[in-house]
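Student: coords please:
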Amino acid sequence: MTAMKLGLSIGYSGARLDVPVELVQRAEALGYDSVWTAEAYGSDAVSPLAYLAAVTKRIRLGTGVMQLAARTPANAAMCAGTVDSLAGGGRFIAGLGVSGPQIVEGWYGQPWGKPYYRVKDYVAIMRKIWAREAPVTHDGPEIPLPYTGPGALGIGKPLKSILHMNPSIPVFLGTETDAMVRLTGEIADGWLALGFVPGTLPHFMPLLEEGFRRAEKATGKPKTRADFSIHASVHVEVSDDVRGALAKLKPEIALYVGGMGHKDKNFHRDMMERRGFGEAAVRIQELYLAGRKEEAIAAVPDDWVDMKSLVGPPARIRERFRAWAESGADALSVRSRQPAAIEVMAEAAGLVPAA
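Tutor: Numbering: from 1, shown residues only. Next up is the predicted model:
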């Protein structure tokens, strides 16, 4: 079995921007393959990677994720191509995701629309821009180029990128529903596997394989699992107090399940329900929306947190890492800013000898 690659996920900012440069540099020195940034409605995902490109040498730079509504596909392609060029080429990974309707419509002022077709148009346009084979046009149901909708003058001109960008920048999609996972297999180079934990690959793999078949039918070129990356992620916390470490991760879960989305349309709550924690998910949301946040946090089950994380003493983390290493994923992002977690995961993955 090929050794699992490790990534480091540093997320997005809190109230103050803090890019953990020394932590990223240590991860690179330990042999981590990638570092991932994120965005919600504060710091953006791209700018920190431009900064990190200047203070690292090898580690790949991924957005996990750029939100589609935050920028047009042309701007996303420009951002990816620019940072990739600054980093010396071949280091950028364009991770994309749709976010949710509350953020798309409430923060970005964009219509939720039809996310499936929007993602498909978005990726197609980005690839055309990077390829520079012709001035870019696209006849898509969600994103036509040139734009001819309301307010248009009707004189839009197809253009070709001035910058000669890397035509092979990989596109990863952060998706979880069956239809979107199929689409990921069809149009992307990799999957930022939302909702993926050890034991779930038998559900997801047929969906990806159907996407591979669609890609082959559309392009005439074979596409297989060997051409595709499955990138999972996990919270890691080194501590002698397992229950205390699990408790530290509960506020974020309560936020996403309880408040990151509308009461009737919350993808994080839906994910929890699909994994067999439906009663807890409903209770967490009820408490959170009622303003009883501490009770919502307390209602998060330990088993749910433990399923999605690696916490405890180093020996426990190394032992439980085996399930992730055998899960079928190619890579695993460590969601932590704890230096000890970065070290222990490098040991667990065999990047360095165990202490």
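
Student: hey, let's count contacts and neighbours off CA atoms from now on
Tutor: Will do.

Student: how about low-confidence regions in the stretch 1-150 of the chain?
Tutor: In the predicted model of the stretch 1-150 of the chain, residues 1-2 satisfy pLDDT under 70.

Student: now swap in the stretch 251-355 of the chain and tell me
Tutor: Checking the stretch 251-355 of the chain against pLDDT under 70 turns up 260-265, 267.

Student: strands of that one, start to end?
Tutor: 309-312, 331-335 (DSSP state E, counting those that start in this stretch).

Student: please tabulate these in JSON lines, including the columns distance to Ile342 and mean neighbour count.
Tutor: Listed next are the strands of the stretch 251-355 of the chain as JSON lines, based on distance: least, Cα to Cα, whole Å; neighbours: other Cα atoms under 10 Å:
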{"stretch": "strand 309-312", "distance to Ile342": "12", "mean neighbour count": "24"}
{"stretch": "strand 331-335", "distance to Ile342": "7", "mean neighbour count": "24"}
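
Student: centre-most residue in the chain?
Tutor: Gly64 (3.4 Å; Cα atoms, centre = their mean).

Student: reformat the strands of the stretch 251-355 of the chain as CSV; add distance to Ala290.
Tutor: Formatted as CSV, those follow (distance: least, Cα to Cα, whole Å):
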stretch, distance to Ala290
strand 309-312, 28
strand 331-335, 29
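
Student: nearest to Lys221 among those strands would be which one?
Tutor: Of all the strands of the stretch 251-355 of the chain, the one in closest proximity to Lys221, counting by Cα to Cα, is strand 331-335 (25.1 Å).

Student: please save the CA atoms from the closest one in CSV.
Tutor: Extracted in CSV, the C-alpha atoms of strand 331-335 (Å, rounded to 0.1, in the frame of the first residue of the first chain):
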residue,chain,number,x,y,z
ALA,A,331,-3.9,12.0,1.6
LEU,A,332,-5.0,13.2,5.0
SER,A,333,-5.0,16.9,6.1
VAL,A,334,-4.2,17.5,9.8
ARG,A,335,-6.6,20.2,11.1
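
Student: who does it touch, helix- and strand-wise?
Tutor: strand 5-11, strand 229-238 (3 or more Cα pairs under 8 Å, 6 or more residues apart in numbering; DSSP states H and E).

Student: gap between the two ends of stretch 248-259?
Tutor: Length of stretch 248-259, first residue to last, Cα to Cα, to the nearest Å: 18 Å.

Student: all further residue positions should be reported with the first residue as 76.
Tutor: Taking 76 as the first residue, the last one we looked at is stretch 323-334.

Student: for that stretch, buried residues please.
Tutor: 324-326, 328-334 (16 or more other Cα atoms under 10 Å).

Student: same question for stretch 116-130.
Tutor: So for stretch 116-130, counting by 16+ other Cα under 10 Å, buried means 118-121, 123-125, 127-128.

Student: now do stretch 362-375
Tutor: Buried, per 16+ other Cα under 10 Å, within stretch 362-375: 362-363, 368, 371-372, 374-375.

Student: now, which of those residues sits nearest Gly249?
Tutor: Val375 (23.8 Å).

Student: including distance to Gln185 and mean neighbour count, could the helices and strands packed on strand 406-410 go into a markdown table?
Tutor: Compiled in a markdown table, those are given as follows (distance: least, Cα to Cα, whole Å; neighbours: other Cα under 10 Å):
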| stretch | distance to Gln185 | mean neighbour count |
| --- | --- | --- |
| strand 80-86 | 23 | 24 |
| strand 304-313 | 29 | 23 |
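
Student: among these, which is nearest Leu171?
Tutor: strand 304-313 (13.1 Å).

Student: could I have the CA atoms of that closest one written out in PDB?
Tutor: Output of strand 304-313 as PDB, limited to C-alpha atoms (Å, rounded to 0.1, in the frame of the first residue of the first chain):
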ATOM      1  CA  SER A 304      -6.800  11.900  -5.500                       C
ATOM      2  CA  ILE A 305      -9.000  11.400  -2.500                       C
ATOM      3  CA  HIS A 306      -8.000  13.900   0.200                       C
ATOM      4  CA  ALA A 307      -9.600  13.400   3.600                       C
ATOM      5  CA  SER A 308      -9.100  15.600   6.700                       C
ATOM      6  CA  VAL A 309      -9.100  15.100  10.500                       C
ATOM      7  CA  HIS A 310      -8.800  17.200  13.600                       C
ATOM      8  CA  VAL A 311      -5.800  16.200  15.700                       C
ATOM      9  CA  GLU A 312      -5.200  17.100  19.300                       C
ATOM     10  CA  VAL A 313      -2.400  15.600  21.500                       C
END
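
Student: what's the angle from it to strand 80-86?
Tutor: 70 degrees (axes from the mean of the first three to the mean of the last three Cα atoms, to 10 degrees).
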